[in-house]
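> below are the sequence and a predicted model; questions follow.
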Number of protein chains: 2
Amino acid sequence: MSKTKETSTNFENKQLLIQCCSEVYAIEMISGQWILSILYGLVGGKLRYGELRKRIPEITERMLTLQLRKLESNGLVKRTVYAEVPPRVEYELTPSALKLTPILKQLKDWGEQHKEVME
Amino acid sequence: MSKTKETSTNFENKQLLIQCCSEVYAIEMISGQWILSILYGLVGGKLRYGELRKRIPEITERMLTLQLRKLESNGLVKRTVYAEVPPRVEYELTPSALKLTPILKQLKDWGEQHKEVME
DNA sequence: CAGCATCCCAGGTGATACTG
DNA sequence: CAGTATCACCTGGGATGCTG
């Protein structure tokens, strides 16, 4: 670390922005090509890794794993590992993530209105 | 086009997602390192390019221009060019963009709550 | 079953210099 | 004043193959 001066400066700016502006922080969390697909996949209840994968056929294993880890570390998804053979891992939304859904609904409504305005 | 098979497929998927899910479309619009800074810079009313730049000292001219064009083509910002010397260009939020602000407020509130939950 | 490791390319972004 | 052009870098994400 502390190698690339400008990059680290930028990173610090971004971190600062995320810390002071909670909306930036929130948007960071729901940004990313797969985040919403995963969130929506889980609104129905907990799912195993393989089940989740079937609901999002286009995603690669790599990205599903990466994004789930991101969601987990962001506190939007809870990951439960069962000490069994064969292994079983279940994912579910946290209460916090569930509170996000009405806001997503509003974004959807805004988006639809905005599309109409646009032509 | 039609060169890289997988990439174009992916692009199509993404476009499809944006078209069918208006929340994805909305999130796309407010995602990006500078979008919110610019939006917030303009909530007070119209500003000239240079004035806007002073409000966001860290942004480069290149990025300010690019992001403003993105916002313009997305219908969030209106750009007005005055045929004068020296040139004058003013930017202002569209009504649609203004409707977004309460939703951003909610995202902010959620973000703050979520931060508290997180430790 | 539920991942991780590796390689690789495309696109986004910064720095810098130039222009109508 | 309000941009555009060019180069160069870094990260995100895909493909593929391996493992506890």
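It's in.
> so who does the residue nearest in space to the middle of chain A touch?
Centroid check for chain A by CA atoms, centre = their mean gives residue A:35 as the closest residue, at 3.7 Å. Residues in contact with residue A:35 (CB atoms under 8 Å, 6 or more residues apart in numbering or on different chains) are A:29, A:67, A:70, A:71. In short, each C-beta sits where N, CA and C put it, glycine included.
> burial measure for residue A:26, as a count.
24 (other CB atoms under 10 Å in any protein chain shown).
> and the host helix or strand of it, does that touch DNA strand C?
Residue A:26 belongs to helix A:22-30 when assigned by DSSP states H and E. No: on the criterion CB under 7 Å from any atom of the strand, helix A:22-30 is out of touch with DNA strand C, staying 12.2 Å away.
> name the helices or strands packed onto that helix?
helix A:5-20, helix A:35-42, helix B:22-30, helix B:35-42, helix B:95-117 (3 or more CB pairs under 8 Å, 6 or more residues apart in numbering or on different chains; DSSP states H and E).
> now mean pLDDT and distance to residue A:113 too, for these, in JSON lines please.
Output for the helices and strands packed on helix A:22-30, formatted as JSON lines (pLDDT from 0 to 100; distance: least, CB to CB, whole Å):
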{"stretch": "helix A:5-20", "mean pLDDT": "56", "distance to residue A:113": "28"}
{"stretch": "helix A:35-42", "mean pLDDT": "94", "distance to residue A:113": "19"}
{"stretch": "helix B:22-30", "mean pLDDT": "91", "distance to residue A:113": "9"}
{"stretch": "helix B:35-42", "mean pLDDT": "94", "distance to residue A:113": "17"}
{"stretch": "helix B:95-117", "mean pLDDT": "94", "distance to residue A:113": "7"}
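> reformat these as JSON lines; add distance to DNA strand D.
Listed next are the helices and strands packed on helix A:22-30 as JSON lines, based on distance: least, CB to the nearest atom of the strand, whole Å:
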{"stretch": "helix A:5-20", "distance to DNA strand D": "6"}
{"stretch": "helix A:35-42", "distance to DNA strand D": "9"}
{"stretch": "helix B:22-30", "distance to DNA strand D": "12"}
{"stretch": "helix B:35-42", "distance to DNA strand D": "12"}
{"stretch": "helix B:95-117", "distance to DNA strand D": "17"}
